[in-house]
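>>> Here's a sequence, model it:
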Amino acid sequence: MNLNKKVIPQANPGATYRCYKAEIDSAIQRVLKSGHYILGNEVKSFEEEFASYIRVNYGIGVASGTDAIEIALRGCDVGMRHLVFTVSHTAVATVAAIERAGAIPVLVDINPRSYTMDPVALENAIRYYRNSSVGIPRAVIPVHLYGHPAEMDTIMALAKKYNLIVIEDCAQAHGAEYKGKKVGSFGDAGAFSFYPTKNLGAFGDGGMIVCNDSSLAEKIRALREYGWKKRHISSFSGQNSRLDEIHAAVLRVKLKKMDRDNSLRRNIARLYHNELKSLNMELPLESKDVLHVYHLYVVQLNHRDNLQKYLKAQGIETAIHYPLPVHLQPAYKGKVLAGPDGLKITETICTRILSLPMYPQLTEEEIKEICNHIKEWMEQAQ
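Sure, this is the predicted structure:
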């Protein structure tokens, strides 16, 4: 690779900071001068502002997206011997959070185009395990992956039919909509991550749980801080998982910009599509009645690794989200339950997917450069 060549990163949280530097620096200074650094006005205000944005009643800030899923499950009384249905094509955090809550993950297959939970596979898994001795079906966690919402109408109907709790994993879908409704507002609770590369990212780990039920919100607030309903008095076993004041202040700035940034992401996706639509690769699908916010722009093609190596030599960074499904990773292989339909689609796409550069500050010139190199590789590979 030419060391003097400008590198185009796959994600670029620093570019977002530079874009809003003055406002972010001012917000951080406000916190530093306040002398109040844990669960103060910044967190309270951000919780209210984010809940209003999602169009729910309550937001509770926590330390990470993983904690958000775990605490939401615990808040809904999901735990020992309970089966929680989710997907294997996700960040391992989804499954780790289920385990940390004391529950048992059951992995089902996905739609090959939207990469989200297949409702047919979900129902087959529920039916298969509902009279099983391994556990009691209790909850489902649909993952809104890459910025594309899961099929929430069908999933919510199945949850009602089989009396299941629904916790939405919204870690990659801030602002995404399904039939005009924000993700995170469908289930009993929604869990968000504010990891720096997310559509709404902090300068470290952070998370949020959103819900509409006041009793659930009260319990979650206690769970995130040692089970305290009254300070220093634990009403039940909890944990320490608090969103920092500085992160909340930064996120308040970025929340005001997020619709704009998501619009830029969608425009970048359109540019990619127009440039790549004639090539022999599968481009991201945007289903009917869905607002995709393109946390990632993921293509599928044969010989993916060769293209990734070629682009790296040209100074273009890509990534694979995710190279190995959870059920095939060393910690889980042969140890985790799956639905009766198996995970064929999940296992097939992991060898074909590639995440191209995607962040709001990508220029049209950079996108054309990326696409021209992809076309060059395609021609050479023929």
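>>> Can you find the helix or strand in the chain with the smallest mean pLDDT?
The weakest-scoring helix or strand in the chain, judged by mean pLDDT, DSSP states H and E, is strand 228-230 (a mean of 90).
>>> That one pairs with which strands, and in what direction?
Here the strand partners of strand 228-230, with direction, are listed using DSSP bridges: strand 233-234 (antiparallel).
>>> contact partners of the strand it pairs with?
In this structure, residues lying in contact with strand 233-234 by Cβ atoms under 8 Å, 6 or more residues apart in numbering are 226-228. Just so you know, the C-beta spots here come from the backbone N, C-alpha and C atoms, and that holds for glycine as well.
>>> So for it, mean pLDDT?
Regarding strand 233-234, the rounded mean pLDDT is 92.
>>> can you check stretch 13-21 too?
97.
>>> Give the buried residues for it.
Buried residues in stretch 13-21, counted by 16 or more other Cβ atoms under 10 Å: 13, 16-17, 20.
>>> export those residues to JSON lines and tack on distance to residue 349?
JSON lines is the format used below for those (distance: Cβ to Cβ, whole Å):
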{"residue": "13", "distance to residue 349": "26"}
{"residue": "16", "distance to residue 349": "29"}
{"residue": "17", "distance to residue 349": "33"}
{"residue": "20", "distance to residue 349": "35"}
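>>> Out of these, flag the one nearest to residue 360.
Closest approach to residue 360 among the buried residues of stretch 13-21 (Cβ to Cβ): residue 16, at 6.7 Å.
>>> May I ask you to confirm that the closest one belongs to a helix?
Yes - when classified by DSSP: H, G, I helix; E, B strand; the rest coil, residue 16 is found to be part of a helix.
>>> Show me the helices in the stretch 51-200 of the chain, by range?
65-75, 92-100, 119-129, 152-161 (DSSP state H, counting those that start in this stretch).
>>> quick one: buried residues of the least confident helix or strand of the chain?
Judged by neighbour count (16+ other Cβ under 10 Å), strand 228-230 contains these buried residues: residue 228.
>>> who touches residue 350 in this structure?
Taking Cβ under 8 Å, 6+ apart, we find residue 350 in contact with 89, 320, 322-325.
>>> Kindly recompute the last result at 7 Å.
For residue 350, the residues meeting the contact criterion (Cβ atoms under 7 Å, 6 or more residues apart in numbering) are 322-325.
>>> Buried subset of those, written for ChimeraX?
In ChimeraX, a selection of the buried entries from the contacts of residue 350 looks like this (16+ other Cβ under 10 Å):
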select :322,324,325
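>>> for residue 210, helix, strand, or coil?
Local secondary structure at residue 210 is given as strand here, using three-state DSSP.
>>> isn't it right next to residue 51, touching?
Yes - with contacts counted by Cβ atoms under 7 Å, residue 210 reaches residue 51, the gap being 5.7 Å.
>>> the more surrounded of the two?
When residue 210 is set against residue 51 and neighbours are counted by other Cβ atoms under 10 Å, the residue ahead is residue 210, at 30 against 22.
>>> Look up how far residue 129 lies from the more buried one.
Shown here: residue 210 relative to residue 129, a distance of 28 Å by Cβ to Cβ, to the nearest Å.
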